[in-house]
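Novice: sharing a sequence plus its predicted fold:
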Amino acid sequence: MKFLEIDHKLNTSFWDEYAVLWQNSRDKSPFQAPEILKYFSGKLTDKVVAIRLIDDQKLIAAVLLKKERDIFTFLSDLKTDSNFFVFHNECSADDFQLFFSELMKIIRSHGWAVDFNKVPAWTDYFYIFEQCAVKGNLFYQAMNYSVCPVLRCDTPEEIRNIITRSRTLRNNANNLRGRFNAEFEVLTGDEDLESWVQEFCNSHILRWEKTSTPSVYRNSERQFFLLKCLCAWSADKVLVRFAVKVKQQRIGFHICLIEGNSLIGHSMIYHPDYYKFSPAKVLLVTIAEWMIEKRLNIFNFGNGNETYKYNYSNEEFFLKRVFLSKRTNFSFVTKVKLIKLIKGHSIVYHFYKENIKEYLNQDRDAKIKTGNT
């Protein structure tokens, strides 16, 4: 018999079962990996719940949520490019249907307000999720959130050929080698991790210090948070760090994450003293060579539509934002309609991003520091 339940006690037994589920999941997203979610849940303790689908005492699907200002969001939202529901690779469309239809009943019966952010619209379960949301006798609003440009090829050799056809990229790589005797570093474990993170953060601070959006890593707690996230991803063996080194100093960085047969470019930065040589972009060549070694044929440039990504990508993965609540939750419904209105007006939305959103991000950073969300 299959049934859905809410679990408030994320004990050792839960994490053992969840680790087995994730290892055998359809997407095996690093953002839903067990160690990173365990770290997040430890910061938030009683504000985290797991929704679990059980089949004869076996965990076959799950999603972990956190409660923030009386609204439930993905626990992985603390640091993510996309938020997946975790299904065992043997789950069928009927299992998707059961999970999401029962989830809608939980939301309705408990009076939850839900903000599902960065939901990947390319998954094989998203259409069923939408159907269940529409039929769930709830207030339901979905809107486009962002995109993940992707370079998908039949072979990793094709990925390298597409990336290296850029003359500018090749020239910058040659200049870094010839003028500065640059070295290119690939790290797949936790070796030298603290120094690596410190250099990453220092470059990030310098890169953004004279702009309207100074680096979040001016805050030492954010630096520590990044370090702990990388430690967790390393423990789950999904982390790959790429860097360019000049005179033993790292000047270009890529934090990448393995997801099945793809690699996600989660975060990149460069030291501004070397901006003319685009050291972070030059690392794409090293990344492509490493992907050949590991036989990965998809490079996901991560959340965001930065122009450089479209110089190499050949597809777009779309992310959605989905709101759910009881129809009588008028304050939540009004808030969602206001968000939709802001998103629909470019001038207003630009003001929101440059002012209000920046303030909210600072508030979130403070709560990460204290563990209160």
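Specialist: Thanks, I have it. All values reported here derive from a predicted model rather than from experimental measurement.

Novice: need the CA coordinates for stretch 83-90. CSV is fine.
Specialist: Provided in CSV are the C-alpha atoms of stretch 83-90 (Å, rounded to 0.1, in the frame of the first residue of the first chain):
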residue,chain,number,x,y,z
ASN,A,83,14.3,22.6,-6.9
PHE,A,84,13.4,19.0,-7.7
PHE,A,85,10.9,16.7,-6.1
VAL,A,86,12.8,13.5,-5.5
PHE,A,87,11.4,10.4,-7.0
HIS,A,88,12.8,6.9,-7.1
ASN,A,89,13.9,6.0,-10.7
GLU,A,90,11.3,3.2,-10.6
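
Novice: let me see the residues that make contact with it.
Specialist: Stretch 83-90 is contacted from outside by 18, 21-22, 24-27, 29, 31-32, 59-63, 74, 76-77, 95-96, 99, 116-120, 123, 125, 129, using C-beta atoms under 8 Å, 6 or more residues apart in numbering. C-beta here means a position set from N, CA and C on the backbone, and glycine is covered the same way.

Novice: which stretches in this structure count as helices?
Specialist: 12-23, 34-44, 93-110, 126-135, 156-164, 167-180, 193-208, 220-235, 279-294, 330-343, 346-351, 357-370 (DSSP state H).

Novice: so which of those helices is nearest residue 242?
Specialist: For residue 242, the closest of the helices of the chain is helix 279-294, at 4.8 Å, according to C-beta to C-beta.

Novice: which strands and helices lie in contact with the closest one?
Specialist: helix 156-164, helix 167-180, strand 183-187, strand 239-246, strand 249-259, strand 262-270, strand 298-300 (3 or more C-beta pairs under 8 Å, 6 or more residues apart in numbering; DSSP states H and E).

Novice: any idea how far it is from the chain center?
Specialist: Its chain's C-alpha centre and that of helix 279-294 lie 20 Å apart, by C-alpha atoms, centre = their mean, to the nearest Å.

Novice: that one to strand 183-187, inter-axis angle?
Specialist: 50 degrees (axes from the mean of the first three to the mean of the last three C-alpha atoms, to 10 degrees).

Novice: angle of helix 279-294 against strand 249-259?
Specialist: 40 degrees.

Novice: please point out which parts of helix 279-294 sit buried.
Specialist: Buried residues in helix 279-294, counted by 16 or more other C-beta atoms under 10 Å: 279-291.

Novice: likewise for stretch 101-114?
Specialist: Of the residues in stretch 101-114, those buried (16+ other C-beta under 10 Å) are 101-104, 107-108, 112-114.

Novice: swap in stretch 156-176?
Specialist: 156, 159-160, 162-163, 166, 169, 172-173, 175-176.

Novice: stretch 267-278 too?
Specialist: Across stretch 267-278, burial judged by 16+ other C-beta under 10 Å covers 267-271, 274, 277-278.

Novice: farthest pair within those residues?
Specialist: The largest separation in the buried residues of stretch 267-278, counting by C-beta to C-beta, is between 267 and 277 at 19.6 Å.

Novice: just give me the lowest mean pLDDT stretch among the helices and strands packed on helix 279-294.
Specialist: Note on those: lowest mean pLDDT is at helix 167-180, with a mean of 93.

Novice: of all the helices and strands packed on helix 279-294, which lies closest to residue 331?
Specialist: Relative to residue 331, the nearest member of the helices and strands packed on helix 279-294 by C-beta to C-beta is strand 262-270, separated by 34.6 Å.

Novice: what angle sits between that closest one and helix 279-294?
Specialist: Using the same axes, to 10 degrees: strand 262-270 against helix 279-294 is 160 degrees.

Novice: what's the angle from strand 262-270 to helix 220-235?
Specialist: 150 degrees.

Novice: elements contacting strand 262-270?
Specialist: Strand 262-270 packs on helix 193-208, strand 249-259, helix 279-294, strand 298-300, going by 3+ C-beta pairs under 8 Å, 6+ apart.

Novice: other residues contacting the first one?
Specialist: This points to helix 193-208. Under C-beta under 8 Å, 6+ apart, the answer for helix 193-208 is 187, 214-215, 217-218, 223, 226-227, 230-231, 234, 241, 243, 249-251, 253, 255, 269-273.

Novice: the contacts of stretch 83-90, buried ones only, as a PyMOL selection?
Specialist: Selection of buried members from these for PyMOL, criterion 16+ other C-beta under 10 Å:
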select buried, resi 18+21+22+25+26+27+29+31+32+59+60+61+62+63+74+76+77+95+96+99+116+117+118+119+120+123+125+129
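
Novice: just checking, residue 17 touches residue 59?
Specialist: Yes: the pair residue 17 / residue 59 is scored as a contact, 4.5 Å apart, by C-beta atoms under 8 Å.

Novice: now the angle between strand 262-270 and the longest strand seen in the chain, please.
Specialist: If you go by DSSP state E, the chain has its longest strand at strand 139-152. Orientation of strand 139-152 against strand 262-270 (the same axes, to 10 degrees) gives an angle of 90 degrees.

Novice: OK, contacts around residue 35?
Specialist: Contacts of residue 35 (C-beta under 8 Å, 6+ apart): 232-233, 235-236.

Novice: export the residues you listed to JSON lines and tack on pLDDT?
Specialist: Shown next, in JSON lines, are these (pLDDT from 0 to 100):
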{"residue": "232", "pLDDT": "98"}
{"residue": "233", "pLDDT": "98"}
{"residue": "235", "pLDDT": "97"}
{"residue": "236", "pLDDT": "96"}
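
Novice: give the PyMOL command for selecting the buried subset of those residues.
Specialist: This is the PyMOL syntax for the buried subset of the contacts of residue 35, where burial follows 16+ other C-beta under 10 Å:
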select buried, resi 232+233+235+236
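
Novice: between the contacts of residue 35, which sits nearest residue 333?
Specialist: Looking across the contacts of residue 35 and measuring by C-beta to C-beta, the closest to residue 333 is residue 232, at 36.1 Å.

Novice: contact partners for that closest one?
Specialist: Taking C-beta under 8 Å, 6+ apart as the test, what residue 232 contacts is 33, 35-36, 38-39.
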